[in-house]
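1. next one to model:
(2 chains)
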Amino acid sequence: MAEYLVLIYEDEKSYEAADEATMKRVMAGHMQFGEKHGAVIRGGNALESTSTATSVRKGATGDLNVTDGPFSETKEGLGGYYVIEAADLDAALVIARDVPAEFGGVEVRPIRVFD
Amino acid sequence: MAVDPAVARAVADAHRMEWAFVLAATVRVTADLDLAEECVQAAFAKALVAWGPSSIPARPGAWLTTTARNLALDQLRRETVLRRHLPLLVEDETAPPFVWGRAHEIEDDRLRLIFTCCHPSLAVATQVALTLRFVCGLTTTEVARAFLVSESTMAARLTRAKRKITQARIPYRTPRLDELADRITAVLQVVHLVFTTGHASPRGDELVRDDLVEQGLLLARMLGDLLPNDLGIEGLLALLVLTDARRAARLVDGRLVLLADQDRAAWDRDAIAEGTHLAEAALEGSPPSIYALMAAIAAIHDNSPSWEATDFTAIVGHYDALMAAWPSPVVALNRAVAIGFAQGARAGLRALEPLAAEPLLAAYPYFPAARADFCRRVGDVRSARLFYEEALMLTANEVERAHLERQLAELGS
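-> Numbers count the residues shown, from 1 in each chain, chains lettered A, B, ... in the order given. Predicted coordinates:
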């Protein structure tokens, strides 16, 4: 068994413009995902929008720069994640396909194991 | 010590025909593509010395597999403590254990190897590179040459791919029945790309790379053996066989000869018979695969006594079906060209016209070349010249350039 991080990237503008019915549908989708795959979900969270992000990175002189915004600006922002357990990538992709992300998609990354 | 020519030939044959079998069976032991590859290479080298002209094994693949696996086991015993990498994920639920001394019972793992190399989580170009390297047994240098990149670039690309296979845990297994159709589609695309890369070498001074054409055909045949009754595979094999049947007539003295001008007596009649038979079977699919449709078009050309007698109306019909299944600009271009031959050059020009707005064709030399050809036929020499010149700017293959330059010269002034 291995663990995978499923990163949910979606267009934030679509969420801002979404009506109540859409939001209900999204929430129901995640509830349904949780019920279907509860046995292999090891964790997960929704994130506040990227406009709330603060990035900290080392500047040219070695001191830390704190800037407003996410680490990289992309059309689709990281909006949430799940940690899932799966035997292999094929199994992980079958689960990832069920993650609701109607305004974007998900990225599946194996979690590194140090021995 | 000089190697006996019969032995050298037997080893070369085994390399071409059995590489994938031997490697796939060895991966089962090593759970590591690199180590398996090293041991298989060593087993082939050993065969050159161990085999004598009168002692070539009846089943070279079994001999090579046993040898490669023994080498692998020795290697693994020595370094068990220090395995640096995560092992490849070998799923064992269906595989019987390997029985030593009974090499003829080695389970065939080639499908696992193919499906791992053609996993959809890898970029298509990477799938092609992995397949050439591990399924076809090409060296990294040869794979680099197929992609027209440097050896170090290709080595880095292959290393990255192998790392992803182990670290993301792409399993070494045959897909389940419910995934099989999708996964076969990916494999067919890879095999088709191997063949077309060889058939129309995108750059350089060779129009045809015989080695890649051969590998494409071998892969398609291997798939046909491993997954019999798959109409998609049958369609692809039909297409490759029917296309390759014209190889001897396609290039004369290094010059590209268009289908219309080829010496049809030089076409391989046995291949045409085989390909036509396969194409007919593949067309029974509902709906037929894109390869079956392309094979059907190739079969019409191959069975026509002359270019003039070709049933272009039937060809346009197949292109219509192909457009419905695979609406790509290149298919649209070929369809428009077929219309030109079915209904006349003016109709062809009209069909080509709307494709000028297609961004994917903007750098595609066959598009202006087709327009040039039809313009020439309707007597519009001025436009023909401009389009030939445009095609020349877009093509880097020396043989095709020479062809276009001849066409341009024949226009006169």
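2. drop to CA atoms for contacts and neighbour counts, all remaining ones
-> OK.
3. quick one, strands of the chain?
-> Just going to use chain A. Secondary structure of chain A (DSSP state E): strands at A:2-11, A:41-46, A:54-58, A:64-68, A:76-86, A:104-110.
4. should've been chain B
-> B:203-204, B:251-252, B:255-256, B:396-397.
5. for the last one, what is the distance to the chain centroid?
-> Translated: strand B:396-397. Centroid separation for strand B:396-397 versus its chain: 20 Å, with Cα atoms, centre = their mean, to the nearest Å.
6. show me what it packs onto, helices and strands only.
-> strand B:203-204 (3 or more Cα pairs under 8 Å, 6 or more residues apart in numbering or on different chains; DSSP states H and E).
7. separation between B:Ala273 and B:Leu293?
-> Separation of B:Ala273 from B:Leu293 (Cα to Cα, to the nearest Å): 17 Å.
8. and of the strands of chain B, who's closest to B:Val241?
-> Proximity to B:Val241 (Cα to Cα) singles out strand B:251-252 among the strands of chain B, at 17.2 Å.
9. need the longest helix for chain A.
-> helix A:20-37 (DSSP state H).
10. buried stuff in that helix?
-> A:26, A:29, A:33-34 (16 or more other Cα atoms under 10 Å in any protein chain shown).
11. could you give me the average pLDDT of it?
-> The predicted model assigns helix A:20-37 a mean pLDDT of 96.
12. and for stretch B:222-241?
-> pLDDT averaged over stretch B:222-241 gives 93.
13. distance between the ends of it?
-> First-to-last residue span, stretch B:222-241, Cα to Cα: 14 Å.
14. any low-confidence regions in the chain?
-> In the absence of a named chain, this looks at chain A. Within chain A, no range satisfies pLDDT under 70.
15. wait, chain B was what I had in mind.
-> Checking chain B against pLDDT under 70 turns up B:1, B:80-88, B:90-107, B:201-207, B:413.
16. try it again with 50
-> Along chain B, segments meeting pLDDT under 50 span B:81, B:93-105.
17. contacting residues for B:Ala156?
-> By Cα atoms under 8 Å, 6 or more residues apart in numbering or on different chains, no residues touch B:Ala156.
18. ok, it to chain A distance?
-> Noted for B:Ala156: a distance of 21 Å to chain A, by Cα to the nearest Cα, to the nearest Å.
19. for the spatially closest residue to B:Gly232 that is not a sequence neighbour, grab phi and psi.
-> Nearest-residue entry for B:Gly232: B:Ser289, 5.7 Å, with adjacent residues in sequence omitted and distances by Cα to Cα, 6 or more residues apart in numbering or on different chains. Main-chain torsions, B:Ser289, degrees, to the nearest 10: phi -70, psi 160.
20. adding mean neighbour count, write the strands of chain B out as JSON lines.
-> Below are these laid out as JSON lines (neighbours: other Cα atoms under 10 Å in any protein chain shown):
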{"stretch": "strand B:203-204", "mean neighbour count": "14"}
{"stretch": "strand B:251-252", "mean neighbour count": "14"}
{"stretch": "strand B:255-256", "mean neighbour count": "18"}
{"stretch": "strand B:396-397", "mean neighbour count": "16"}
